[in-house]
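S.K.: My questions concern the predicted model and sequence given below.
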Amino acid sequence: MFLPLYYGIMLAMEIKMIASDLDGTLLGDDHLPSERTIEALKRAYDAGIAIVPVTGRSFSHLPKWIREAEYIDYVITVNGARGINNKTGETIFTETMETEQMLRAMRMVLPFKTCWNLHANKFVWREEHGTSDIRPMLTQELLLPDMMTYLENNEMEIEKIDIYFADMEERAEAFRLAKDWDDVAVCAGSDFNFEVNSLRGNKGQGLKLLAEKLGISLENVAAFGDALNDLPLIKAAGVSVAMGNAVTELKEEAKFITERNNEDSVANFIFEKILSNNI
């Protein structure tokens, strides 16, 4: 059997939790898990390892296979802003934003050609603003004609805003304008978006809160990612793995680098490193 190439620091470590990003990491470019990936997750779960998807998506935006998976007890959603019991839908923790923080982000991008996802109350509200819809995935999100007015008049548990840009120069300018914000976390989940969470609403903090609840040391967590919003997750875990398709910042921080997400990379690592006690 072909064995993938991993390089990084070799550790003697018992893994008790696998925390993985979804798009660009656990899933292929078709946004689906392979049969080998599902088999690896089930085998790890049967071995007593917690399987935790860690995603920028809201709970309502999770794919059906995750919501129905018997081997997934917990999920960390919205870049770490909300941890949820996958079996009951109960919120375990949440790190929300102030309404004014969210409105500031919206006002800043008003001159740009964008469309927005507002993540709040475990759901997603959409607005098209100055461009046709360029989001990679559309589910049963609610389209609002004026998100700012809605926020000003409705109490919400605000988790994140996810802004997609039609022009990459405008995206770069938005990042530049937001660089001095010190009361929110600004990151990206793709090459053409811009995401704003609370300072504590990141994947690393979410991992810490869930691991503490489950009595698992972060040293016994293996984390997988590919994008900038995965950087806090990679930094927090004892065993960190960047995909071959990951951004440079992630590869520089991770202890292991594996193949691209389309090559069953997470599954291969689980079988050949974690379940084989070869870390």
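M.R.: Happy to help now that I have it. Numbering: from 1, shown residues only.
S.K.: where exactly do the helices run in the stretch 151-279 of the chain?
M.R.: 168-178, 203-214, 231-236, 248-253, 265-269 (DSSP state H, counting those that start in this stretch).
S.K.: Need those in a markdown table (columns: mean pLDDT, distance to residue 152 and mean neighbour count).
M.R.: Where C-beta positions appear, they are placed from N, C-alpha and C, glycine not excepted. What follows is these, written out as a markdown table (pLDDT from 0 to 100; distance: least, Cβ to Cβ, whole Å; neighbours: other Cβ atoms under 10 Å):
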| stretch | mean pLDDT | distance to residue 152 | mean neighbour count |
| --- | --- | --- | --- |
| helix 168-178 | 92 | 21 | 14 |
| helix 203-214 | 97 | 28 | 21 |
| helix 231-236 | 97 | 30 | 23 |
| helix 248-253 | 96 | 36 | 15 |
| helix 265-269 | 97 | 42 | 24 |
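S.K.: how about those, which one is nearest residue 40?
M.R.: Shortest distance between residue 40 and the helices of the stretch 151-279 of the chain, using Cβ to Cβ, is found for helix 265-269: 3.8 Å.
S.K.: any idea which residue sits dead centre in the protein?
M.R.: The chain has residue 55 as the residue nearest its centroid, 2.5 Å off, counting by Cα atoms, centre = their mean.
S.K.: Which residue, other than its chain neighbours, is closest to residue 129?
M.R.: Spatial nearest neighbour of residue 129, excluding adjacent residues (Cβ to Cβ, 6 or more residues apart in numbering): residue 114 at 5.2 Å.
S.K.: number of nearby residues for the one you found?
M.R.: Neighbours of residue 114 under the rule other Cβ atoms under 10 Å: 24.
S.K.: Thank you kindly, that will do.
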